[in-house]
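Enquirer: Structure here, sequence nowhere to be found:
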């Protein structure tokens, strides 16, 4: 692994994320930037044209010539069977050195023709939004696929040669321990390579918030969430899946490298409404050559986070990078260290010794180890061969760890870009 200080000075863009903000319908729990659409509208093709135009801008400036991973998410990328192949082709031309190419699909829209196109274009990893294999639970979530369709698609994806991941949700309406166990065993029987486990979060501005926020439903209590995560851990590990991150389990050598990059301080660019980019100062200056409306860097900044704040309409109407609306966070070196400590605490390997050593210099050894000691005394973290790792209790109470580490240098929004 590249030494931590080298990563902080990296000029290359290692990862590319493309956001496809369309779904057949909005699920009640979803707070992502996504919009239902009708198949007869021209909006998806207009969006695809805008996205490809921005990819071509990056290509012309050789910004992504060394990019290693691509992740296409949403929304539901597979809801655009006519536009998605062209987007993939354009992304691969923009990033000629890709080694991992991931795309999200949903069971109801992952048709054979589209999957064959994706395979020919080099997509080698597919993440399928299963969520549950219980029909009543799927209906309560607002999902449109059936359990049979989900499991058939997982088996098809596996047979076609993709590395297959699926998402499952726990602590959801109508779920029981037995139905949760069945969902786990159903996807395991499809021999998926990777499973992501997420407890339902009831977010503001969602239909679930209006329905459940003030009733504190028992199905979503912290105790139920912890118990279901425990069940998932025991079942998946018994079948050879190893947890390598808070919510992620994989068979040997099947981890999602793109997601590992988010937790390991690798630089990345995101395109599309709500998509985020995380850049070193060197990578930021490189992007600024093509995104010319980006402001100059303040002198004391070590990293920049850019989040696209365009609506779908403004993204289409003003398609060039320099026309993007965005929020910018200029992070100082102490803020970068606090954030990276939090991100690495999500990983099974834990916080690297060289990250701890540099954090001692930047944040102060006394303050840093006071926080570490408190987490260790609570039984949430422990040292293992120089790495500071979350314990099993720490996995279940991860938010407490993350908040404690971020508090070492609180974040602050610094700038809003409105071209």
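Expert: On my side now, so go ahead. Given the structure is predicted, the values throughout are model-derived calculations rather than measurements.

Enquirer: Run through who's touching stretch 27-41.
Expert: 19, 21-26, 43-44, 74-76, 79, 141-143, 200-208, 211, 272-274, 312 (Cβ atoms under 8 Å, 6 or more residues apart in numbering). All C-beta spots, glycine's among them, are computed from the backbone N, C-alpha and C.

Enquirer: So, low pLDDT: which residues of this protein?
Expert: Scanning the chain for pLDDT under 70 picks out 1-2, 39-40, 412-419.

Enquirer: element containing residue 389?
Expert: strand 387-390 (DSSP states H and E).

Enquirer: name the helices or strands packed onto that strand?
Expert: strand 381-384 (3 or more Cβ pairs under 8 Å, 6 or more residues apart in numbering; DSSP states H and E).

Enquirer: Over to stretch 65-85 now: how far is its first residue from its last?
Expert: End-to-end distance of stretch 65-85: 21 Å, with Cα to Cα, to the nearest Å as the criterion.

Enquirer: Buried residues, that stretch. List them.
Expert: Neighbour-count burial for stretch 65-85, counted by 16 or more other Cβ atoms under 10 Å, picks out 67-81, 83-85.

Enquirer: so how far is stretch 191-207 off the chain centroid?
Expert: Distance of stretch 191-207 from its chain centroid, counting by Cα atoms, centre = their mean, to the nearest Å, is 11 Å.

Enquirer: Give me the distance between the two termini of stretch 110-130.
Expert: One end of stretch 110-130 sits 12 Å from the other (Cα to Cα).

Enquirer: So for that stretch, what gets flagged as buried?
Expert: Within stretch 110-130, the residues that qualify as buried are 110, 114-115, 117-118, 121, 123-130, counting by 16+ other Cβ under 10 Å.

Enquirer: For it, which outside residues touch it?
Expert: 73, 76, 78, 81, 84-85, 88-89, 92, 98, 100-107, 150, 153-154, 156-157, 160-168, 183, 187, 194, 196, 256.

Enquirer: Buried ones among those?
Expert: 73, 76, 78, 81, 84-85, 88, 92, 98, 100-107, 150, 153-154, 156-157, 162-168, 183, 187, 194, 196, 256.

Enquirer: So which residue is smack in the middle of the protein?
Expert: What sits nearest the mean C-alpha location of the chain, by Cα atoms, centre = their mean, is residue 259, with 6.1 Å.

Enquirer: what about the residue of the chain positioned farthest from its centre, which SS state?
Expert: Within the chain, the residue lying farthest from the chain centre (Cα atoms, centre = their mean) is residue 366, at 33.2 Å. Of the three states, residue 366 takes helix according to DSSP: H, G, I helix; E, B strand; the rest coil.

Enquirer: Domain-wise, how is this structure divided?
Expert: The chain breaks down into these domains under the TED database: 11-261, 335-407.

Enquirer: now the end-to-end length of the longest one.
Expert: With Cα to Cα as the measure, domain 11-261 spans 15 Å from end to end.

Enquirer: How about the last one?
Expert: The straight-line separation of the ends of domain 335-407 (Cα to Cα) is 9 Å.

Enquirer: List the contacts of the nearest residue to residue 381 once chain neighbours are set aside.
Expert: With Cβ to Cβ, 6 or more residues apart in numbering as the criterion, residue 381 has its nearest non-adjacent residue at 4.4 Å, and that residue is residue 375. Counting by Cβ under 8 Å, 6+ apart, residue 375 touches 381, 394, 401, 404.

Enquirer: you'd agree residue 376 is up against residue 382?
Expert: Yes. Taking Cβ atoms under 8 Å as the definition, residue 376 is a contact partner of residue 382 at 6.3 Å.

Enquirer: which of the residues in stretch 129-141 are buried?
Expert: 129-134, 137-138, 140-141.

Enquirer: Which members of those occur in strands, if any?
Expert: 129-131 (DSSP state E).
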